[in-house]
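Chemist: Here's a sequence, model it:
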Amino acid sequence: MPTKARQYRDLMAGEDLIVSCGAYDGYSARLIEKAGFKTVATSGAAISNSRMGIADMGVMGLAENLDQCRAIVRAVNLPVTCDADTGYGNPVNVYHTVQEFEAIGAVGVNIEDQVSPKRCGHMTGKEVVDSIEMQKKVEAACLARRDDDFIIVARTDALAVEGLDKTLERIKAYVEAGADMIFADAVNSEDTIARVVEAAKVPVSVNMGFGIRARPTTPLIPLPRLKALGVRRISLPRMLPAAAIRAMETALQVMREVMETGIPVDRPDLLAGIDEIMDLMDYDSARTLEAKLLTTETIETKYHR
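Modeler: Sure, this is the predicted structure:
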């Protein structure tokens, strides 16, 4: 059976768009798999926001990101690409960062050209490093991987800082340095996407802000149109955390109303049942493992058999 990295390479070489929803924990990763998607992409912003309770402004470090991504990779059978931010330092740091992510079972990483401390790609105030420094980071990432199928995604935030022409120069340089995929963040039009695809000559990934109320930095574009423009991967990093936030707000508001009236309510439309949660997290496998590894006496005592 091909490795997960090889599976991802095969998807990149295929004709279907790769649609990667952003995961930030075990629940979100398993829901992506259950829904029938073929890949998972971790969202650095969502991990930073949910794990640390702070804005995505470069405070989260390598250790915290790795710890969360390790759990996500382990939770599913799908290929998982991980957001490695700026690589956590210079090209030497990037070398070790890539090896750490490969060791936890990720099939690839995003490395971006922002100045550290970085910030969410859709925030203002971004800065980018010199193109040559980013080229060396891409070279370091390629040198570090043990499996040649491991994907190096070079992300550029230069559009908001240097404009399109400079961004296209950067893209060509990153591809020459060995990038397997280009991710130009915050692209603002179909024409820009087409120019990026033309310059890259390797698979191109774009973010879509599905469900964002305010006008997203990247406009919502139909998937067939993105495919026609030559895009290979669509990532939706904010969809699941945004959905979870709205659902939690609604449930908490209902609970506030219950507290005021004193009358309990049953809202299965808002909450997953305990059986659904157990099914999602595969409690049956846990019980099977108990039956296999625990003594008969322990099982009988535990379950009163």
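Chemist: Excluding residues flanking it in the chain, which one is nearest Val92?
Modeler: Distance criterion C-beta to C-beta, 6 or more residues apart in numbering; nearest residue to Val92, sequence neighbours excluded, is Ala140 at 7.0 Å. (Each C-beta comes from the backbone N, C-alpha and C, glycine too.)
Chemist: Report the secondary structure element holding the one you found.
Modeler: In the assignment (DSSP states H and E), Ala140 maps to helix 131-144.
Chemist: Ala186 now?
Modeler: Here Ala186 is assigned to no helix or strand, by DSSP H and E.
Chemist: As a check, name the ranges of all helices in this protein.
Modeler: Shown for the chain, the helices assigned by DSSP state H span residues 4-13, 26-34, 44-47, 62-75, 91-103, 131-144, 159-162, 164-176, 190-200, 223-228, 239-261, 274-280, 283-293, 296-303.
Chemist: follow-up on the earlier one: the helix holding Ala140 versus helix 164-176: what angle between them?
Modeler: Here helix 131-144 points in a direction 30 degrees away from that of helix 164-176 (axes from the mean of the first three to the mean of the last three C-alpha atoms, to 10 degrees).
Chemist: Which strands and helices lie in contact with helix 131-144?
Modeler: Helices and strands touching helix 131-144, by 3 or more C-beta pairs under 8 Å, 6 or more residues apart in numbering; DSSP states H and E, are helix 91-103, strand 108-112, strand 151-156, helix 164-176.
Chemist: what's the weakest-modelled helix or strand in this structure?
Modeler: None of the helices or strands of the chain scores lower by mean pLDDT, DSSP states H and E than helix 296-303, at a mean of 90.
Chemist: Tell me which other helices or strands it touches.
Modeler: Helix 296-303 sits against helix 283-293, with contacts defined as 3+ C-beta pairs under 8 Å, 6+ apart.
Chemist: mean confidence score for the helix it packs on?
Modeler: Throughout helix 283-293, pLDDT has a mean value of 94.
Chemist: Likewise for stretch 37-53?
Modeler: Mean pLDDT, stretch 37-53: 96.
Chemist: what comes into contact with it?
Modeler: Contacts to stretch 37-53, defined as C-beta atoms under 8 Å, 6 or more residues apart in numbering, come from residues 8, 11, 18-25, 29, 32-33, 54-56, 59-60, 64-65, 68-69, 72, 76, 78-85, 110, 120, 235, 237-238, 240-241.
Chemist: ok so, going back, which one of the helices and strands packed on helix 131-144 lies closest to Thr295?
Modeler: Nearest to Thr295, of all those, is helix 91-103, at 34.7 Å by C-beta to C-beta.
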